[in-house]
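S.K.: this is a predicted model, with the sequence first.
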Amino acid sequence: MALRIDHAVVSGTFSLDGETHEVDNNLWVVGDDDECVVIDAPHDVDAILEAVGGRTVKAILLTHAHDDHCRVAPALRDAVRAPILLHPDDRPLWELTHTDELWDVDLEDGQSIKVAGASLKVLHTPGHAPGAVCVYVHDLDCVFTGDTLFSGGPGATGRSFSDADVIRASIRSALFRLPPETVVHTGHGPSTTIGEEQAGLDSDG
């Protein structure tokens, strides 16, 4: 059965540093007709379950632990009986939202996660958050960047636990090594390509 991406947009709030904002999050599901991996757990378990469509969820893979990406992860874990995967450097952010429970499996740079005959490669890309990761899927010629890279440039670094120099270094060292035609599926907003974003970042110096 063919490997595919399912996509939905889920709306809710993002809160950090005493501010709360309305946000629309991209939800990405990678798999075939039988099994899948859910990338991020934004806002609404029912919306995620609709995108899953009754398939076996192998993992709930979090790109980082800002609340709009992880708030419903424990409830989703209970609903689908799948482990939550998060890079341990994001524990301080995770604990801002979930004080009494942890994720299940630590992510690490270079790790491979298998689903539907494909390999999802974890790339540690700190900057937007200390434990931020991107997920490269060679078989689909795409990378899921969470809030590390958007159409138009790097993710935000103006809040706690973020660093502008670090995110740019992460993007250059981890993402710009991918083929320029690689499609970038982001945590918010439209998709783009590595080549397009590399040209924009290079022109900014």
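M.R.: Here it is on my side, so go on.

S.K.: how about low-confidence regions in the chain?
M.R.: Scanning the chain for pLDDT under 70 picks out the ranges 203-205.

S.K.: so where do the helices sit in it?
M.R.: Assigned by DSSP state H, the helices in the chain fall at 45-52, 67-70, 73-80, 91-97, 164-170, 194-203.

S.K.: buried ones in the last one?
M.R.: Okay, so that is helix 194-203. Buried residues in helix 194-203, counting neighbours by 16 or more other Cβ atoms under 10 Å, are found at 194, 197-198, 201. For glycine as for every other residue, the C-beta is placed from the backbone atoms N, C-alpha and C.

S.K.: make a markdown table out of those residues and add distance to Val143.
M.R.: Converted to a markdown table, these look like this (distance: Cβ to Cβ, whole Å):
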| residue | distance to Val143 |
| --- | --- |
| Ile194 | 7 |
| Glu197 | 11 |
| Gln198 | 13 |
| Leu201 | 15 |
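
S.K.: gap between Asp109 and Arg4?
M.R.: 26 Å (Cβ to Cβ, to the nearest Å).

S.K.: now Ala79
M.R.: 22 Å.

S.K.: give the contact list for the closest residue to Val30 other than its chain neighbours.
M.R.: Nearest non-adjacent residue to Val30, counting by Cβ to Cβ, 6 or more residues apart in numbering: Val37, 5.2 Å away. Contact partners of Val37, counting by Cβ atoms under 8 Å, 6 or more residues apart in numbering, are 29-31, 57-61, 113, 115, 120.
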